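**Q** Build me a model from this:
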Amino acid sequence: MRQIVLDTETTGIDPKQGHRIIEIGCVEMINRRLTGNHYHVYINPDREVEYEAIQVHGITNEFLADKPKFRDVFDGFVNFIKGAQLVIHNAPFDTGFMDHEFRLLRTPEPVVTSKICTVLDTLVLARDMHPGQKNNLDALCRRYGIDNSHRELHGALLDAEILADVYLLMTGGQTDLNLSGKSATDKNAGHTESVKRLDSDRKPLKVIKASADEIAQHENRLRLIEESSGSCIWNQ
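**A** Down below sits the predicted model:
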C-alpha cells in the first residue's frame, strides 16, 4: 500500500477568490513505513500572497518571484502522487486548491484529485477518535508526545513529515519494525534463523529495576495513551 502524506501552503484561504498554491510537500509511505522519498517544491502563483498568509507560513512574494509556475511542476507532481492514497489533515482545503490548479491548466483530459488518488482525511479521523477535543496538528502533537518545537512557522514539507508521525501513532504505528536489522530469514545464509535455547544450569540473569524517573516517564506515557484512546489496557 502506497500512501503520500501531503500538505500545501497557499496565497490565501479560498481558491474561489483566485488564491493559489505556493508550496507542496509530500512524504512517501509504503506498507505504513516511511521510505525516505519525498516531493517538495515552491511555486510562483502569478499573484500576490496575502499579508495574513505570510504571517502563517513566512513565504514572501520576493522569495517566490523566481520559482517555477504550477504548469512547470504539474507532470512531476502528478506522477509522484498518482495511484496513491493521500493522507491530508483537513483534506478538502488542500484538494480544493489542487483541483483549482488542475482546472486552470485546461489539460486535454480534465485532471481531478479524486480520479487519480484516494484521500484519507486525518482531521475526520482525529475527530472520530477524540470527539469534543482540539484536533489541529499542534494539539495532536501534544496528545501523542511528538516534539514539534522546531515548527515556528507552517511549512508544507515539515508539516507533512509531522503529520506522517501523527498518523502512524493514531493508527497503530509502523508495521514490520525489525530492531535487529535482520529478517526472519537470513538471505545471506539461505536458511531460517533457529531459536537458541539457554542452558538450564546457566547463572541467574541480573535484574535491573527501573529508576524512579523511568517509572514516572512510563506512567506519563500510559496517561497519554489513556487520554488519546479513552482506555489503556496496562492501567486495567
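**Q** what about the most centrally placed residue in the chain, distance to Asn135?
**A** The centroid of the chain falls nearest to Ala164 when counting by Cα atoms, centre = their mean (2.1 Å). Look at Ala164 and Asn135: by Cβ to Cβ, to the nearest Å, they are 17 Å apart. C-beta: built from backbone N, CA, C; applies to glycine.
**Q** Also Gln217?
**A** For Gln217, the distance to Asn135 - Cβ to Cβ - is 25 Å.
**Q** Just say helix, strand or coil for Asp7.
**A** Using DSSP: H, G, I helix; E, B strand; the rest coil, the secondary structure recorded for Asp7 is strand.
**Q** Tell me which residues touch it, please.
**A** Ile24, Gly25, Cys26, Ile88, His89, Asp94, Ala156, Leu157, Asp159, Ala160, Leu163 (Cβ atoms under 8 Å, 6 or more residues apart in numbering).
**Q** mind redoing it with 10 Å?
**A** The contact partners of Asp7, by Cβ atoms under 10 Å, 6 or more residues apart in numbering, come to 23-27, 87-90, 93-94, 137, 154-163.
**Q** before we move on, the earlier item: what's the nearest residue to the residue nearest to the centre of the chain if we skip its chain neighbours?
**A** Val5 (4.3 Å; Cβ to Cβ, 6 or more residues apart in numbering).
**Q** Okay, and the beta partners of the one you found?
**A** Val27, Val87 (DSSP bridges).
**Q** about what we covered before: between Gln217 and Asn135, who's got more neighbours?
**A** Asn135 (20 against 12; other Cβ atoms under 10 Å).
**Q** returning to what we had before: and the residue nearest to the centre of the chain, how close does it get to Arg103?
**A** If you go by Cβ to Cβ, the gap between Ala164 and Arg103 works out to 29 Å.
**Q** What's the local residue count around Phe93?
**A** Neighbours around Phe93, by other Cβ under 10 Å: 18.
**Q** so the residue nearest to the centre of the chain sits in a helix?
**A** Yes. Under three-state DSSP, Ala164 sits within a helix.
**Q** check contacts around it.
**A** Listed by Cβ under 10 Å, 6+ apart, the contact set of Ala164 reads 3-5, 26-29, 32, 34, 38, 87, 122, 174.
**Q** neighbour-wise, which of those leads?
**A** Within the contacts of Ala164, most neighbours by other Cβ under 10 Å means Val5, with 29 neighbours.
**Q** okay but that one is in contact with Ile88, surely?
**A** Yes. In terms of Cβ atoms under 10 Å, Val5 counts as a neighbour of Ile88; the distance is 7.7 Å.
**Q** which residues are common contacts for these two?
**A** With Cβ under 10 Å, 6+ apart as the test, Val5 and Ile88 both reach Leu120, Thr122, Ala160, Leu163, Tyr167.
**Q** Out of those residues, the closest to Tyr144 would be?
**A** Tyr144 lies nearest to Tyr167 out of these, by Cβ to Cβ, at 9.9 Å.
**Q** What count of nearby residues applies to the closest residue to Pro45 other than its chain neighbours?
**A** Counting by Cβ to Cβ, 6+ apart, Arg20 is the residue found nearest to Pro45 once chain neighbours are left out, at 3.6 Å. By the measure other Cβ under 10 Å, the count of residues near Arg20 is 21.
**Q** can you tell me the helix or strand for Asp159?
**A** helix 156-170 (DSSP states H and E).
**Q** now the lengthiest helix in the chain: mean pLDDT?
**A** The single longest helix within the chain, with elements called by DSSP state H, is helix 212-229. The average pLDDT for helix 212-229 rounds to 75.
**Q** Using PDB, list the CA coordinates for that helix.
**A** The C-alpha coordinates for helix 212-229 follow below in PDB (Å, rounded to 0.1, in the frame of the first residue of the first chain):
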ATOM      1  CA  ALA A 212      12.000   6.500  39.800                       C
ATOM      2  CA  ASP A 213      12.500   8.800  36.800                       C
ATOM      3  CA  GLU A 214      11.900   5.900  34.300                       C
ATOM      4  CA  ILE A 215       8.800   4.800  36.200                       C
ATOM      5  CA  ALA A 216       7.500   8.400  36.100                       C
ATOM      6  CA  GLN A 217       8.100   8.600  32.400                       C
ATOM      7  CA  HIS A 218       6.300   5.200  31.900                       C
ATOM      8  CA  GLU A 219       3.300   6.400  33.900                       C
ATOM      9  CA  ASN A 220       3.200   9.600  31.900                       C
ATOM     10  CA  ARG A 221       3.100   7.600  28.700                       C
ATOM     11  CA  LEU A 222       0.300   5.500  29.900                       C
ATOM     12  CA  ARG A 223      -1.600   8.600  30.800                       C
ATOM     13  CA  LEU A 224      -1.200  10.000  27.300                       C
ATOM     14  CA  ILE A 225      -2.500   6.700  25.900                       C
ATOM     15  CA  GLU A 226      -5.500   6.800  28.200                       C
ATOM     16  CA  GLU A 227      -6.200  10.400  27.100                       C
ATOM     17  CA  SER A 228      -5.900   9.700  23.400                       C
ATOM     18  CA  SER A 229      -7.800   6.500  23.200                       C
END
